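> Provide a 3D model corresponding to the input given below.
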Amino acid sequence: MFKHAKERIVTWPVTIRIPTADGSGSTDEHEAKIKYLLLTKDDIRHIADIAGNDEKIFDVYRKHIVGWEPFATDENTGAPIEYSAENLRALLVIPYIETALSFGLMQASNGRAAAKNS
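As a prediction, this is how the structure comes out:
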């Protein structure tokens, strides 16, 4: 038996695919461990209702992405980018990061095993 919890927080592996600048059309893969508060069915319905409203979508991310092991560094200082709402907002404007983090949230919330790199 599993223990039912109204809210469940998990740390989930996410692959961030960063486009290379070499003209090859390829990406570099970087692994990250993101801490998520899993979505409920009501949360998923709410996301569908607010599609296109960036501020409301960010509120969903802020509620459900609750931490991370630093996976990026500041381009000026080289310091790891720690989790904060401000840093989350700054990273989510980068489409390949938003894609990776949202895919990880859906994958974790639906109980899908994280994809293995081959």
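> which stretches of this protein form helices?
Taking DSSP state H, the helices of the chain run over residues 41-49, 54-64, 85-92, 95-109.
> least confident secondary structure element in the protein?
helix 41-49 (a mean of 93; mean pLDDT, DSSP states H and E).
> report the angle between it and helix 54-64.
For helix 41-49 against helix 54-64, the angle by axes from the mean of the first three to the mean of the last three Cα atoms, to 10 degrees is 160 degrees.
> mind starting the numbering at 44 from now?
From this message on, residue numbering opens at 44, which makes the last subject helix 84-92.
> same for helix 84-92, what does it pack against?
helix 97-107 (3 or more Cβ pairs under 8 Å, 6 or more residues apart in numbering; DSSP states H and E). Bear in mind the C-beta positions are built from the backbone N, C-alpha and C, glycine included.
> how about the helices of the chain, which one is nearest Thr58?
Distances from Thr58 to each of the helices of the chain were compared by Cβ to Cβ, and the smallest falls on helix 138-152, at 6.4 Å.
> show the average pLDDT along that closest one.
Per-residue confidence for helix 138-152 averages out to 96 on the pLDDT scale.
> identify the residues contacting the spatially most central residue of the chain.
Centrality entry for the chain: nearest residue to the mean C-alpha point is Leu144, 1.9 Å, by Cα atoms, centre = their mean. Neighbouring residues of Leu144 by Cβ atoms under 8 Å, 6 or more residues apart in numbering: Val57, Ile77, Tyr104, Ile108, Leu134, Leu135.
> got those as a markdown table, with neighbour count, distance to Gly66 and pLDDT columns?
Shown next, in a markdown table, are the contacts of Leu144 (neighbours: other Cβ atoms under 10 Å; distance: Cβ to Cβ, whole Å; pLDDT from 0 to 100):
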| residue | neighbour count | distance to Gly66 | pLDDT |
| --- | --- | --- | --- |
| Val57 | 23 | 27 | 96 |
| Ile77 | 23 | 30 | 98 |
| Tyr104 | 17 | 32 | 96 |
| Ile108 | 21 | 33 | 98 |
| Leu134 | 20 | 25 | 95 |
| Leu135 | 18 | 27 | 95 |
